[in-house]
Structure formats: C-alpha cells, structure tokens
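Asks: Dropping a prediction and its sequence here:
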Amino acid sequence: MADREAVIDKVIEIAERVGASEGIEIVDVDLVGGGRNRVLRIFIDRPPAPGQTVDLTAPQGVTLADCEFISQHVGTILDVEDVIPGASYRLEVSSPGVERKLRKPCEFERFVGQKVKVVLREPVENQRHLTGTLKSFAAGVITLEPGPGKSVQFPLEQVEKANLKFEW
C-alpha cells in the first residue's frame with residue numbers, strides 16, 4: 001500500500017475541495033485496517049456562522065444529507081483517481097461527535113470557553129495531561145484553566161492530542 005500519510009493527505013485535499021462548496025468543514029480523516037478490511041473515515045462539521053456561539057448540547061448542524069453528499073462526491077473522486085490503491089475499502093462519513101478532536105488553530109479559536117482535554121509532547125508544570133476550560137487562543141498560544149484561578153499556557157506546537165471534553 002502507498003504511504004498511508006500521503007493517501008490521507010490526498011483524501012483531505014479532495015474532501016476539503018468538495019466540502020467547501022457546501023460550507024462543510026473536514027475535521028479529520030483516518031485510514032485504518034489493511035487488505036479487504038480497510039476503513040476510510042471522514043469526519044465533517046458545519047462551522048457556526050460568524051458571531052454565533054458554540055453550544056455543545058445542541059446539534060451542530062451536520063445532517064445525514066451532508067454525510068451522503070461527502071460520501072457520494074468524495075467516494076466517486078477517490079475511485080476515479082484510484083487514490084486508495086487496491087480498490088477495496090469501506091468509506092464512512094460522520095460528524096466528529098461531542099468530544100471531537102481539535103487540531104487546527106481555527107478550532108481552538110472556535111471552542112474558547114469549552115472544556116478540553118489536552119495531551120502535551122513535553123510536560124508543562126510537571127504535567128502532560130491537562131483538562132480544563134479553554135480560556136483563549138492567541139498568537140499560537142493556548143491558555144487553559146485547569147481549575148478556578150489557575151492558568152496554564154503552552155504553544156499549539158506542544159499539543160500532541162486535544163479533544164473537547166463533554167460534561168455528562
């Protein structure tokens with residue numbers, strides 16, 4: 001199989017081009033398994049309008065029609081261009097869920113005020129795993145409030161993994 005990262009990069013490029021025409025954001029792409037058991041997962045979202053606040057308890061706007069649109073259009077392009085060598089894979093398209101991954105700067109900006117869970121590449125204040133309220137994101141620096149009156153700052157490049165943390 002071709003380099004997995006190169007395949008994922010190509011899928012992202014195609015999916016972003018297709019999604020842009022409908023206002024659909026590509027949140028993440030994952031390719032797992034091998035042989036006849038390969039699964040290509042594309043996670044999509046519909047960002048709020050400028051000035052609109054994010055409410056994690058309300059539906060974020062991804063519909064079944066959005067998933068079908070991405071599946072049909074991206075799937076066709078992937079097959080025509082033979083992006084995934086071997087021709088055998090299953091395509092799944094869905095919303096990222098309430099505990100979605102955060103990767104891009106615009107995602108950190110959008111979810112200021114929300115609770116997040118972060119894993120850092122290097123410890124900050126002797127901790128690599130932090131959970132708290134995302135207080136701000138400016139000039140590539142994340143400010144997290146793990147507890148009342150406590151604040152931790154670190155650059156985006158330090159983040160190994162970040163997710164929204166939904167309070168059940």
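Replies: Nice, I can see it. Residues are numbered from 1 along each chain as shown.
Asks: Going by C-alpha atoms from here, please, whenever you check contacts or count neighbours.
Replies: Fine.
Asks: Helices of the protein, residue ranges please.
Replies: Taking DSSP state H to define them, one finds helices in the chain at 4-20, 64-80, 105-110.
Asks: need the ones you listed in TSV with mean pLDDT, distance to Ile42 and mean neighbour count, can you?
Replies: Below are the helices of the chain laid out as TSV (pLDDT from 0 to 100; distance: least, CA to CA, whole Å; neighbours: other CA atoms under 10 Å):
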stretch	mean pLDDT	distance to Ile42	mean neighbour count
helix 4-20	92	8	16
helix 64-80	93	9	16
helix 105-110	89	17	16
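Asks: any chance of those helices in CSV, plus distance to Pro146?
Replies: As requested, those are arranged in CSV below (distance: least, CA to CA, whole Å):
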stretch, distance to Pro146
helix 4-20, 33
helix 64-80, 35
helix 105-110, 16
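Asks: residue contacts, the residue nearest the centre of the chain?
Replies: When CA atoms, centre = their mean is applied to the chain, the residue found nearest the centroid is Val27 (3.4 Å). Residues in contact with Val27 (CA atoms under 8 Å, 6 or more residues apart in numbering) are Ile42, Phe43, Ile44, Asp45, Pro96, Lys101.
Asks: Of all these, the one with the weakest confidence?
Replies: When these are sorted by pLDDT, the bottom entry is Pro96 at 86.
Asks: which non-adjacent residue is nearest that residue?
Replies: Leaving aside its sequence neighbours, Pro96 sits nearest to Phe43 (CA to CA, 6 or more residues apart in numbering; 5.2 Å).
Asks: Great, nothing more from me.
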